[in-house]
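Chemist: Just need the structure, nothing else, for what follows:
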Amino acid sequence: MSLAQPIHSNWFDETRAGFEASLADKLERFKGPSSELNEAMAYALLDGGKRLRAMLVFAAGHAVGTPASELGDAACAIEAMHAYSLVHDDLPSMDNDVLRRGKPTCHVKFGEAFALLAGDALQTAAFQWLAESNQGSVQVRMQQIAALANASGLQGMAAGQAIDLAHVGKPMDLDSLEHMHARKTGDLITASVRMGYLSNPAVTTVEKSGLEAYAHCLGLAYQVIDDILDVESSSEVLGKTSGKDALNNKPTMVSLMGLGNAKKLLAQLRERAFVACEVIKPSRRAPLETLVELITNRKS
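Modeler: Purely as a prediction, here's the structure:
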């Protein structure tokens, strides 16, 4: 499937605008006694970001018939978890980056200690917001919490980051690289989709299977295009330091496959994601397809 324009283009802008207001309000009501920590958290979570993970929660929920009003807390939680991961990923002890979303990284702005604490507080906020939510049943919220925890911890994002750090300057085959990316990037994208479809206890096995396949394709596609942009784009366009993977001698999809083959893989993943959407009713499919367009055509 190939489309000249994003499908249902108003959906993303309208949903994101409502989400941004909700996220800012939630963080404002979440303030603690340290003004500097509050400021560091807001700096990391607000004022930037594509909100693709939050939009995946809304899109997957819409796909199974859940209204947006029942998905906001899960969307806020996934963005808080994502923001935490970026703050910690940028630290000198990790990727040591100084630019994120077109502005100085959190540790550059507030110092390492407050960046570390901001990440810690954002991570716990994600679980608190879900635990205290009145959206959906207790069983639904428990399943969403479990999905988020599994994607973020020892079997998910943290594991991926550990594998990444262990292979700087070392050889890695394509299967191992895909496994690393599935943990480091893909699992949180899958959790976003999962938290959306889990909102409806009546979701069918066929719908789950299709949405899981969709999430897998988008998770890998997100990393493939990240590696392509790291080679082809500039820091000004990306909003983060370009060419850093090559500088740090990190294995990437481009370094292992070549730029041309990486672009072919991206095209294949895009088509497979569209096919996976076909298990969803046509009337509920457009937001999922819009996100395929946005993710696979992104420039930053």
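
Chemist: wait, what's in contact with Ala83?
Modeler: Taking C-beta atoms under 8 Å, 6 or more residues apart in numbering, we find Ala83 in contact with Ala44, Leu45, Gly49, Gly119, Leu122. C-beta: built from backbone N, CA, C; applies to glycine.

Chemist: Give me the pLDDT value at it.
Modeler: Looking at Ala83, its pLDDT reads 97.

Chemist: just to revisit the earlier point, any of the contacts of Ala83 buried? List them.
Modeler: Those of these that meet the buried threshold are Ala44, Leu45, Gly49, Gly119, Leu122, by 16 or more other C-beta atoms under 10 Å.

Chemist: Please flag which of those sit within helices.
Modeler: Ala44, Leu45, Gly119, Leu122 (DSSP state H).

Chemist: how near is the last one to Leu27?
Modeler: The gap separating Leu122 from Leu27 is 9 Å, by C-beta to C-beta, to the nearest Å.

Chemist: Longest helix in the protein, please.
Modeler: Longest helix of the chain, by residue count under DSSP H: helix 205-232.

Chemist: low-confidence ranges in the stretch 201-300 of the chain?
Modeler: Scanning the stretch 201-300 of the chain for pLDDT under 70 picks out the ranges 237-240, 242-244, 246-248.

Chemist: what about the helices in it?
Modeler: Assigned by DSSP state H, counting those that start in this stretch, the helices in the stretch 201-300 of the chain fall at 205-232, 235-238, 244-247, 253-257, 259-276, 286-296.

Chemist: Buried residues in the first one, which are they?
Modeler: If you call a residue buried by 16+ other C-beta under 10 Å, then helix 205-232 has these buried ones: 207-208, 210-211, 213-230, 232.

Chemist: Hey, what's the angle from that helix to helix 286-296? Just curious.
Modeler: Counting by axes from the mean of the first three to the mean of the last three C-alpha atoms, to 10 degrees, helix 205-232 lies at 20 degrees to helix 286-296.

Chemist: Likewise for the fifth one?
Modeler: An angle of 170 degrees separates the directions of helix 259-276 and helix 286-296 when computed by the same axes, to 10 degrees.

Chemist: Count the neighbours of Gly61 for me.
Modeler: The local packing of Gly61 (other C-beta atoms under 10 Å) involves 27 other residues.

Chemist: so it is in which element?
Modeler: Taking DSSP states H and E as the definition, Gly61 sits inside helix 52-63.

Chemist: Distance from that helix to the middle of the chain?
Modeler: Averaging C-alpha positions (C-alpha atoms, centre = their mean, to the nearest Å) puts helix 52-63 11 Å from its chain's average.

Chemist: Could you do stretch 105-119 as well?
Modeler: Taking mean C-alpha positions (C-alpha atoms, centre = their mean), stretch 105-119 and its chain are 21 Å apart.

Chemist: What's the mean pLDDT across that stretch?
Modeler: Averaged across stretch 105-119, the pLDDT comes to 97.

Chemist: What are the buried residues along it?
Modeler: Burial within stretch 105-119, assessed by neighbour count using 16+ other C-beta under 10 Å, is assigned to Thr105, Cys106, His107, Val108, Lys109, Phe110, Phe114, Ala115, Leu116, Leu117, Ala118, Gly119.
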